[in-house]
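Asks: When you get a sec, could you give me coordinates for this:
(2 chains)
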Number of protein chains: 2
Amino acid sequence: MLKRHHPDSEILLLLPSSTGHNLKMTNMQLAVQFFIQIAVILTVCQVVGFLAKRVGQPQVVAEMLAGVLLGPSLFGLFWPEWSSKLFPADSMKVLFPISQLGLAAYMFVVGLEFRMDIVQRRLGSAVAVSLAGMITPFVLGVGLGWFFFNHTAFFPQKTSLLEATIFLGASMCITAFPMLARIIHFKKLTGTTMGTVALGAGAIDDAAAWCLLAVVLASFDSNISHAVQNIAGGAGYVCITLLVIKPLLARWARGIENRQALADGEFVICLILLALGAWFTDLIGLHAVFGAFVMGIAMPRGVVSRALIDRVQPLTVALLLPLFFTYSGLNTRIGLLDSGYLWLMTSLVMVAAVGGKGVACWLAARATGVSNREALGIGTLMNARGLMELIIINIGLQRGIISPALFATLVIMAVITTLMASPIFDYLVGRHGVPPEPEPLGSKHGSASFPG
Amino acid sequence: MLKRHHPDSEILLLLPSSTGHNLKMTNMQLAVQFFIQIAVILTVCQVVGFLAKRVGQPQVVAEMLAGVLLGPSLFGLFWPEWSSKLFPADSMKVLFPISQLGLAAYMFVVGLEFRMDIVQRRLGSAVAVSLAGMITPFVLGVGLGWFFFNHTAFFPQKTSLLEATIFLGASMCITAFPMLARIIHFKKLTGTTMGTVALGAGAIDDAAAWCLLAVVLASFDSNISHAVQNIAGGAGYVCITLLVIKPLLARWARGIENRQALADGEFVICLILLALGAWFTDLIGLHAVFGAFVMGIAMPRGVVSRALIDRVQPLTVALLLPLFFTYSGLNTRIGLLDSGYLWLMTSLVMVAAVGGKGVACWLAARATGVSNREALGIGTLMNARGLMELIIINIGLQRGIISPALFATLVIMAVITTLMASPIFDYLVGRHGVPPEPEPLGSKHGSASFPG
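Replies: Sure, this is the predicted structure:
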């Protein structure tokens, strides 16, 4: 049996800093605070982004790092008074919903840019990559969970073997879906086979991981209704959105196509659908990310999708999305992993994570006829765990399913797989990616790069 | 002496529904709530807007009415359970800062569209209209305050004669600055003499009214520092923004003009300045509206201003701004004014308000050479009191400077002057307004109508 890790080891911690806190600030104080937070967050994101660019990291990683720097790890550690002045617990309650709105609006744009025609042409690859990226890490995660359960103290007493294995399996399945979308946009891979296959497979894998998480939580609570609501609700949402709403919207869009303009009121209708989709998937516990993404896919291509991208993307990407990535960083406390034992465990987790996700997806893409360069790109992109991983393991820690030590190793895995994605991608695939697939006939919908 | 009004009369009330409340909802619950609120608010705004259009009211009035309908006056009166489910007090704390962000972003766009060249050419008119629209209603308000102070119970015991007269004077000076901007945009008056003079004069009058309010509050608290901070801070902000930041930005914009594109990072820098301006003017008690508007004026014209309008306006107008107008409506409780005495007082207030503002501004514009049709338009637009009035009298009621009865008559005045603006404007000036002034040489900055 392996030696148990020392409980006083300094470990990585990611804890929400404002659980159960009561708001005491007035509306006006919250508004004033919100404006200065926006100014500080955007400024730090720009400075870190400038530096990150020099070492080949995309802006989105810079935004996550900006949050970590502003949070308890650095700013809060050295200037605790200023930190609590700038980010009082009350104000985090405002920052979270607005950052979620930014994330949902962004995933809506990602859905609008999503090329169903490429997925259909490359259906074999998309299915193979998503299955490989789901089953292999899940199996490795289950194996690791079994090992940790029997030979370490990584799981608290009340966690059963089944829960431990499924949770670790689910946390291995995670793909950094929003971050994946940002990196694909940043590297101008929107509309390429590589970008579309990775995005489609990433969406499916993430949805599956959230369903697995729901099963673990249901088992942990001995209450199956949550998992049922989650899985049945999610399947129902996808069916209704793509089989009922999408055809209705396509019919509605004919008049808009004829006059080649989306009216103000029609734009608002699309925003209402976005809000409803995000609300519903949040409500059933599947995360607003999926509702917004699927609603984006359901929107009619052509005038509508182009106008929506033009109007939603700029302010969302420049103002709201940095709030989301930074908010997540703000809630992360990074210490040092100073025990050799924990580093050994972390290496095991890393091998399982990279082998199960990156390597398996690369092989699956290769096996279904994707070129080696593109397959390597898909594997690298799928491998990044990013913020979704942090969210899922945070839930595990809060609910007592995993110990702080296992949590720490998983945080390291998430951070490293995210940081390695861009440099490895540049090394294997090249900085300029691959040319986009030709547009299907009748569609004028191009890659929606940042306007201006 | 006039008969005192019956204290049990059913009166108009505008009270914030969430003062001093402690938040108990979790971050996740707040986010879910936020999405459904967006969906409901946008839907109701669309439906009311559709109906309002038929009676000649602009969308912005519809959005204010939507808030009133969703608030305690109707929705909350008939379906109190659903109302508190949809708008729990906790969630209002989230809605307020985000609605303020929307308002600031919108006023920034208004500043970007503001034609300094017209103001300079029509400086005499702008100064005359703003002075007339400030001094006349102030004098009439002071007179009315003196009358009410001596002959009614409209002011509580602890309010002094000086405070009473200055407060009523200030509340008469108010122009519905954000609403004025929306109506000018709606009627396509951006870039016309009428629109620009009204906007410039409205901005000055509103800033003056806020400074007067600061004086009243300072006197009420026997603490002069707030008023000094407010007035000196505001003057300092305008000077630094227009005399230091504006020239620096103009130099910075040369490179952008050469390559004819605003980069993503440069866009974010402009957003940071917007947030800082809104934060600072909020902090000194002058309201984010002015900081954002003046920062918009300071932005370089040409590629920068066009790109900023294109990127900020669509999502702000369609998604964030309705949250502001609706939020304000949500906090308004409208009952019935059933005493003849109160109606008499309200008529007095109405005469002073319309005579002091609308008529005086019309005459001032006429006297400085503006055509009668345009001068009538300026008077009508300046006359609308809208939400800024509601905000200022709300402060008066909360601080105990005015009684609920006087508050009720002022609410009626604000609502009627707002509702009458658009129909009277259409009747006097015509639905299609006036042609815009020619663009100055070297500027490609046109009227920024809703893109698409």
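Asks: Quick check: chain neighbours aside, which residue is closest to residue A:224?
Replies: Leaving out its chain neighbours, the residue that sits closest to residue A:224 by C-beta to C-beta, 6 or more residues apart in numbering or on different chains is residue A:218, at 5.0 Å. Where you see a C-beta, it was placed from the backbone N, CA and C, and this is true even at glycine.
Asks: Report the contact partners of that neighbour.
Replies: Contacts for residue A:218 (C-beta atoms under 8 Å, 6 or more residues apart in numbering or on different chains) come out as A:224, A:225, A:226, A:227, A:228.
Asks: mind running it again at 7 Å?
Replies: A:224, A:226, A:227 (C-beta atoms under 7 Å, 6 or more residues apart in numbering or on different chains).
Asks: number of nearby residues for the last one?
Replies: Right, the one you point to is residue A:227. Counted with other C-beta atoms under 10 Å in any protein chain shown, the neighbours of residue A:227 add up to 20.
Asks: Correct me if wrong, but it is in a helix.
Replies: Yes. Judged by DSSP: H, G, I helix; E, B strand; the rest coil, residue A:227 forms part of a helix.
Asks: so what's it up against?
Replies: Residue A:227 is in contact with A:214, A:215, A:218, counting by C-beta under 7 Å, 6+ apart.
Asks: Excluding chain neighbours, what is closest to it?
Replies: residue A:218 (3.7 Å).
Asks: Low-confidence ranges, the stretch 251-400 of chain A, go.
Replies: A:331-338, A:387 (pLDDT under 70).
Asks: same thing but 90
Replies: Low-confidence segments of the stretch 251-400 of chain A, defined by pLDDT under 90: A:282, A:284-290, A:293, A:317, A:321-322, A:324-346, A:355-356, A:368-374, A:377-378, A:380-400.
Asks: need the residues of it near chain B, please.
Replies: Proximity of the stretch 251-400 of chain A to chain B (C-beta under 7 Å from any C-beta of the partner chain) is limited to residues A:261-262, A:264-265, A:267-268, A:271-272, A:275-276, A:278-279, A:282-283, A:288, A:307, A:311-312, A:314-316, A:318-319.
Asks: Restricted to buried residues, select these in ChimeraX.
Replies: For the buried members of those, the matching ChimeraX selection, counting by 16 or more other C-beta atoms under 10 Å in any protein chain shown, is:
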select /A:262,264,267,268,271,272,275,276,278,279,282,283,288,307,311,312,314,315,316,318,319
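Asks: hmm, the helix or strand containing residue A:64 in reach of chain B?
Replies: Taking DSSP states H and E as the definition, residue A:64 sits inside helix A:59-70. No. If you take C-beta under 7 Å from any C-beta as the test, helix A:59-70 misses chain B, and the best it gets is 8.1 Å.
Asks: Moving C-terminal from that helix, which element do we reach first?
Replies: helix A:75-78.
Asks: in that following helix, what counts as buried?
Replies: Of the residues in helix A:75-78, A:75, A:76 count as buried by neighbour count, 16+ other C-beta under 10 Å.
Asks: Next: stretch A:117-133.
Replies: A:117-119, A:122, A:125-133.
Asks: what's the answer for stretch A:78-90, then?
Replies: A:83, A:86, A:87, A:88, A:89, A:90.
Asks: ok, residue A:293 - how many residues close by?
Replies: 30.
Asks: Need the contact partners of the host helix or strand of it.
Replies: For residue A:293, the host element (DSSP H and E) is helix A:288-298. Among residues not part of helix A:288-298, those counted as contacts by C-beta under 7 Å, 6+ apart are A:100, A:103-104, A:107-112, A:114, A:116, A:177-178, A:203, A:207, A:237-238, A:241-242, A:245-246, A:249, A:273-274, A:277-278, A:280-282, B:35.
Asks: out of the residues you listed, which are buried?
Replies: Buried subset of the contacts of helix A:288-298 (neighbour count, 16+ other C-beta under 10 Å): A:100, A:103-104, A:107-112, A:114, A:177-178, A:203, A:207, A:237-238, A:241, A:245-246, A:249, A:273-274, A:277-278, A:280-282, B:35.
Asks: separation between the residue nearest to residue A:224 and residue B:47?
Replies: Remark: distance between residue A:218 and residue B:47 (C-beta to C-beta, to the nearest Å) = 40 Å.
Asks: what does residue A:208 give?
Replies: In terms of C-beta to C-beta, residue A:208 sits 39 Å off from residue B:47.
Asks: swap in residue A:281?
Replies: 25 Å.
Asks: now whichever helix or strand comes after the helix holding residue A:293 against helix B:303-315, angle please.
Replies: As assigned by DSSP H and E, the chain's next helix or strand after helix A:288-298 is helix A:303-315. Inter-element angle recorded for helix A:303-315 and helix B:303-315: 120 degrees (by axes from the mean of the first three to the mean of the last three C-alpha atoms, to 10 degrees).
Asks: Does anything pack onto the helix or strand just after helix A:303-315? Which helices or strands?
Replies: For helix A:303-315, the following helix or strand on the C-terminal side (DSSP H and E) is helix A:321-330. With contacts defined as 3 or more C-beta pairs under 7 Å, 6 or more residues apart in numbering or on different chains; DSSP states H and E, helix A:321-330 has these neighbours: helix A:27-54, helix A:59-70, helix A:89-113, helix A:386-398.
Asks: buried sites along the next helix or strand after helix A:321-330?
Replies: Counting by DSSP H and E, the next helix or strand C-terminal to helix A:321-330 is helix A:340-353. Across helix A:340-353, burial judged by 16+ other C-beta under 10 Å covers A:341, A:342, A:345, A:346, A:348, A:349, A:350, A:352, A:353.
Asks: Give me the number of neighbouring residues for the closest residue to residue A:320 other than its chain neighbours.
Replies: Using C-beta to C-beta, 6+ apart and skipping the chain neighbours, the partner closest in space to residue A:320 is residue A:102 (2.7 Å). Close neighbours of residue A:102, defined as other C-beta under 10 Å, add up to 21.
Asks: quick one, what contacts residue A:102?
Replies: Contacts of residue A:102 (C-beta under 7 Å, 6+ apart): A:316, A:320, A:321, A:323, A:324.
Asks: which residues does the first one contact?
Replies: If a contact means C-beta under 7 Å, 6+ apart, then residue A:316 has A:102, A:105, A:106, A:109, B:315 as its contacts.
Asks: try 10 Å
Replies: A:101-109, A:322, A:324, B:311, B:315, B:319 (C-beta atoms under 10 Å, 6 or more residues apart in numbering or on different chains).
Asks: now stretch A:286-298: how far from the chain's centre is it?
Replies: 12 Å (C-alpha atoms, centre = their mean, to the nearest Å).
Asks: In CSV, list the C-alpha atoms belonging to that stretch.
Replies: Presented in CSV, the C-alpha positions along stretch A:286-298 are these (Å, rounded to 0.1, in the frame of the first residue of the first chain):
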residue,chain,number,x,y,z
LEU,A,286,-26.9,20.5,-17.6
HIS,A,287,-25.3,24.0,-17.7
ALA,A,288,-26.3,27.0,-19.8
VAL,A,289,-23.4,26.3,-22.1
PHE,A,290,-25.2,23.5,-23.9
GLY,A,291,-28.6,25.2,-24.1
ALA,A,292,-27.0,28.3,-25.7
PHE,A,293,-24.8,26.2,-28.1
VAL,A,294,-27.7,24.0,-29.3
MET,A,295,-29.9,27.1,-29.8
GLY,A,296,-27.1,28.7,-31.9
ILE,A,297,-27.0,25.5,-34.0
ALA,A,298,-30.8,25.8,-34.5
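Asks: Mind checking which of the buried residues of stretch A:117-133 are in helices?
Replies: A:117, A:118, A:119, A:125, A:126, A:127, A:128, A:129, A:130, A:131, A:132, A:133 (DSSP state H).
Asks: Verify the contact between the fifth one and residue A:114 for me.
Replies: No. Under the criterion of C-beta atoms under 10 Å, residue A:126 lies out of contact with residue A:114, with a separation of 11.4 Å.
Asks: quick one: common contacting residues for those two?
Replies: Common neighbours of residue A:126 and residue A:114 (C-beta under 10 Å, 6+ apart) are A:196, A:199, A:200, A:203.
Asks: For the third one, grab phi and psi.
Replies: Recorded main-chain torsions at residue A:200 are phi -60, psi -50, according to degrees, to the nearest 10.
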